[in-house]
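# predicted model follows, preceded by the sequence.
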Amino acid sequence: MIKLFKLTLPLVACFLWIGLVSGGGESELEAQMSTLKQECKEMIKGTRYEGSKITYYSVRSSKQIKNIEVYTFLLDEYKFAISTKKCSVPLTIKIYDAAPDVKERILIKEFKKAQGKNLKFSTSELNDLYQAKNPDADRLRNIHIEYAISSGKVANEGIVLVYGIES
């Protein structure tokens with residue numbers, strides 16, 4: 001019995017250690033994203049919270065593009081907050097009026113070197129810029145946010161987007 005215990009104890013310890021090492025990083029990143037989500041909610045305080053989108057990615061040796069669509073179909077003012085504090089590589093955020101497969105889409109706003117920051121914008125700001133570039137346009141019904149993530153040291157990271165309607 002003691003001999004069996006001596007043999008199984010190292011195996012159990014090994015499996016426990018593997019579980020902690022492999023699962024710990026993901027739960028730590030999720031906890032950090034949750035904290036950043038709360039920071040973003042504070043940035044748009046005074047709005048009725050509508051939703052959030054967390055974009056997880058792995059930094060690689062090549063550039064990546066991630067796209068998110070947010071519907072702004074209500075006439076109310078939408079406020080947006082983005083946290084890139086968990087992004088260590090150069091990041092450019094572009095906001096468009098249409099999806100990537102639409103040839104004639106219009107770049108509305110761009111944030112260069114956005115890594116490590118909190119950013120804030122609203123639909124009234126975006127609509128003013130959009131109508132200046134497209135005078136025939138009424139208003140944005142949805143926005144397409146594109147994250148251009150540069151290459152770098154391999155790591156798991158994320159970007160948080162929170163939005164709400166001004167009340």
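Ah, there it is. Residues are numbered from 1 along each chain as shown.

# which residues in this protein form strands?
Ranges of strands in the chain, per DSSP state E, are 47-59, 64-71, 78-83, 91-96, 107-111, 118-122, 142-149, 155-166.

# could you dump these to TSV with mean pLDDT?
Below are these laid out as TSV (pLDDT from 0 to 100):
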stretch	mean pLDDT
strand 47-59	92
strand 64-71	95
strand 78-83	97
strand 91-96	98
strand 107-111	98
strand 118-122	97
strand 142-149	97
strand 155-166	94
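
# so for Asp136, which of the ones you listed sits nearest?
For Asp136, the closest of those is strand 107-111, at 15.0 Å, according to C-beta to C-beta. Bear in mind the C-beta positions are built from the backbone N, C-alpha and C, glycine included.

# re the thing from before, just the strands of the chain: most buried one?
strand 78-83 (a mean of 24; mean count of other C-beta atoms under 10 Å).

# neighbouring strands - and their directions - for that one?
Strand 78-83 has these partner strands in its sheet, going by DSSP bridges: strand 118-122 (antiparallel), strand 155-166 (antiparallel).

# residues making contact with that strand?
When contacts are taken as C-beta atoms under 8 Å, 6 or more residues apart in numbering, the neighbours of strand 78-83 outside the stretch itself are 36-37, 39-41, 43-44, 47, 50, 70, 72, 93, 114, 117-123, 145, 159-166.

# returning to that earlier point: mind putting the strands of the chain in CSV, distance to Ala31 included?
Listed next are those as CSV, based on distance: least, C-beta to C-beta, whole Å:
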stretch, distance to Ala31
strand 47-59, 12
strand 64-71, 21
strand 78-83, 14
strand 91-96, 21
strand 107-111, 26
strand 118-122, 18
strand 142-149, 21
strand 155-166, 11
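
# between these, which one is closest to Gln131.
Distance to Gln131, taken as C-beta to C-beta, is lowest for strand 107-111 among the strands of the chain, at 10.0 Å.

# report the distance from the closest one to the chain centre.
The chain centroid and the centroid of strand 107-111 are separated by 16 Å, computed with C-alpha atoms, centre = their mean, to the nearest Å.

# what's it packed up against?
The helices and strands touching strand 107-111, judged by 3 or more C-beta pairs under 8 Å, 6 or more residues apart in numbering; DSSP states H and E, are strand 91-96, helix 123-133.

# tell me the strands beside the shortest one, with direction?
Here strand 91-96 is paired, per DSSP bridges, with strand 107-111 (antiparallel), strand 142-149 (antiparallel).
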